[in-house]
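Peer 1: the following block contains a protein sequence and its predicted model.
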Amino acid sequence: MLEKTILSNLILNEDFGRKVYPYLKDEYFDDVVLRKVFETASEYLDKYKEPPSIEALKIAVDKRKDLNEDTYQGVHQLVDNMSIDKDTNLEFLLDETEKFCQDKDLYNSIRKSILILDGQDNEQMDKGAIPGLLSDSLGINFDQSVGHDFLEDVDDRYEHYHRKEERIPFDIEILNKITKGGIPRKSMTVLLATTGGGKSLLKCHMAANHLMFGKNVLYITMEMAAEEIGRRIDANIMDITLDEVAEIPRDVFEKRMARLRGKTTGKLVVKEFPTGSAHSGHFRHLLNELKLKKNFAPDIIFLDYLNICSSARVKGAAAANSYTLVKSIAEEVRGLAMEYNCAIVTSSQYNRDAYGNSDVDLTNTSESMGITHTADCILGLVSSEYLDEMNQLMIKQLKNRWGDISYYRRFLVGIERAKMKIYELEESAQENINLEAPSGGGGQHAKKNWDDSSPVFDKTDIGMRLNKRKPGQKVFGDVALT
């Protein structure tokens, strides 16, 4: 009865048809007669963008070559008897149709899951796809919105302007200032640094910090073993050095972990994948598994790191193009953040030009500028011998969709590498930021004020060498050649 009502309203009730047609599938109709009528109406709708009249539907049915005599007679009888009750509430009809689609899709997904388990699925899907099939079926929803009407939806827009967006805060106040209170969900933040420049340290510190804030944290590593990530987070939380983690007695370690469980409602899961072997499909499968088996849904995901992921879309020869490959990876990872309503923090490395360059920009992103086009926030980590002596790390805003990058464009944080920690510095430390020791302070170079107007290129090694030459001279190393 319901299937006939849906089919009749699809053809005779234009308002109903336009709202439900995108969600209906021919496989939802078990009866062959109903299915053939839907297929015929569907072909007409796709071609002419409006439902067929009864007469047009009959003509289209007559042109079909796949109907036997009984089916042909049944189709014509169904079309002749089609009618709708105009007194039936449209919202009620839409709700019932939505439930019908959910039930049918779930039933079909369960049947497909059984075929997958038996190895009889025609698409040869892996059993890891089963949670996704069931999740998609349960998530079917008739979205009645077709866009934001600028003049009519004024109240919705005003409420959005004044709605406080949920953010995941830092324990470093200056990071909260530049991000307007923390990292928002459905976003991707990228840390850029050289090898050994502090990317993993910063991610481990943030993971420990967010866990203590009561957030669910997932750390995906493809660079280091899961146990090594755990050791770094242990050092951070227990405020001991990495060497001391291995020396702490078992009973003391267990007591501290028990105390930690009593302090936070959050969870931290560390998952290790082989380098270059995992892509967004594997991460999606992991998230579904965690939800089903542990009832764990992350608020924030740390991915270590972007360039050593593989792509679910770019395969074969196309993967040789690093721009396309890495851009695809970045888009897929950011898509996960939106799909699972969480924040993602990942990292990438500088290119060769940034090594030894004390002032970096977006052009120093390695392999693909597609990362810069996709990320919501990019923070460059810069260190030097002088900063290392001062136990400081400079962070530069390279991109920030949530604030003005000229507001604290560069700032310093304290760093304890042995404990995998960063910490807040006094406001005075942010004034006149130096990467090199002032003259007379044990360094070889003069003090650099980052508010000067000299071009960035002139600060690089090659720029300084070229500035030494006379007109017509060539420069090799630091030596001017005639």
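Peer 2: Looks like it came in fine.

Peer 1: so where's the stretch 201-350 of the chain shaky on pLDDT?
Peer 2: Residue ranges of the stretch 201-350 of the chain with pLDDT under 70: 316-320.

Peer 1: please enumerate the strands of it.
Peer 2: Assigned by DSSP state E, counting those that start in this stretch, the strands in the stretch 201-350 of the chain fall at 217-221, 268-272, 300-304, 343-349.

Peer 1: could you export those as CSV, including distance to Asp239?
Peer 2: From N, CA and C alone the C-beta is placed, and that goes for glycine too. CSV is the format used below for these (distance: least, C-beta to C-beta, whole Å):
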stretch, distance to Asp239
strand 217-221, 19
strand 268-272, 17
strand 300-304, 20
strand 343-349, 22
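
Peer 1: export the ones you listed as a markdown table, with columns for distance to Met125 and mean neighbour count.
Peer 2: Below are the strands of the stretch 201-350 of the chain laid out as a markdown table (distance: least, C-beta to C-beta, whole Å; neighbours: other C-beta atoms under 10 Å):
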| stretch | distance to Met125 | mean neighbour count |
| --- | --- | --- |
| strand 217-221 | 23 | 25 |
| strand 268-272 | 22 | 19 |
| strand 300-304 | 25 | 26 |
| strand 343-349 | 26 | 25 |
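
Peer 1: can you tell which of the ones you listed is closest to Asn13?
Peer 2: strand 343-349 (43.3 Å; C-beta to C-beta).

Peer 1: show me what the helix or strand just after the closest one packs onto, helices and strands only.
Peer 2: Using DSSP states H and E, the helix or strand that follows strand 343-349 towards the C-terminus is helix 370-374. Where contact means 3 or more C-beta pairs under 8 Å, 6 or more residues apart in numbering; DSSP states H and E, helix 370-374 is packed against helix 322-339.

Peer 1: now do the helix it packs on against strand 343-349, angle only.
Peer 2: 160 degrees (axes from the mean of the first three to the mean of the last three C-alpha atoms, to 10 degrees).

Peer 1: buried residues, helix 322-339. List them.
Peer 2: 324-337 (16 or more other C-beta atoms under 10 Å).

Peer 1: show residues contacting the longest strand seen in the chain.
Peer 2: If you go by DSSP state E, the chain has its longest strand at strand 392-400. Residues outside strand 392-400 that contact it (C-beta atoms under 8 Å, 6 or more residues apart in numbering): 178-179, 192, 198, 359-362, 372, 375-383, 387, 405, 408-415, 422, 425, 429, 433, 435.

Peer 1: now, the residues you listed that are in strands?
Peer 2: Per DSSP E, the contacts of strand 392-400 map to strands at 192, 377-382, 410-415, 422.

Peer 1: Met1: which of the buried residues of helix 322-339 is nearest?
Peer 2: Once C-beta to C-beta is applied, the member of the buried residues of helix 322-339 that ends up nearest Met1 is Gly335, at 40.7 Å.

Peer 1: residues in contact with that closest one?
Peer 2: Contact analysis of Gly335 by C-beta under 8 Å, 6+ apart lists Ser280.

Peer 1: buried ones in the one helix or strand Pro131 maps to?
Peer 2: Using DSSP H and E, Pro131 sits in helix 130-138. For helix 130-138, the neighbour count (16+ other C-beta under 10 Å) marks Ile130, Pro131, Gly132, Leu133, Leu134, Ser137 as buried.

Peer 1: for it, the averaged confidence score.
Peer 2: On average, the pLDDT along helix 130-138 is 74.

Peer 1: which element follows it toward the C-terminus?
Peer 2: Counting by DSSP H and E, the element that comes right after helix 130-138 along the chain is helix 154-162.

Peer 1: how distant is the next helix-or-strand element following that next one from the center of its chain?
Peer 2: Proceeding N to C from helix 154-162, the next assigned helix or strand is strand 167-168, under DSSP H and E. Put simply, strand 167-168 sits 15 Å off its chain's centre (C-alpha atoms, centre = their mean, to the nearest Å).

Peer 1: returning to what we had before: closest to Ser347 among the buried residues of helix 130-138?
Peer 2: Distances from Ser347 to the buried residues of helix 130-138, taken by C-beta to C-beta, are shortest for Gly132, at 27.4 Å.

Peer 1: number of nearby residues for Leu290?
Peer 2: A count of neighbours around Leu290, defined by other C-beta atoms under 10 Å, yields 18.
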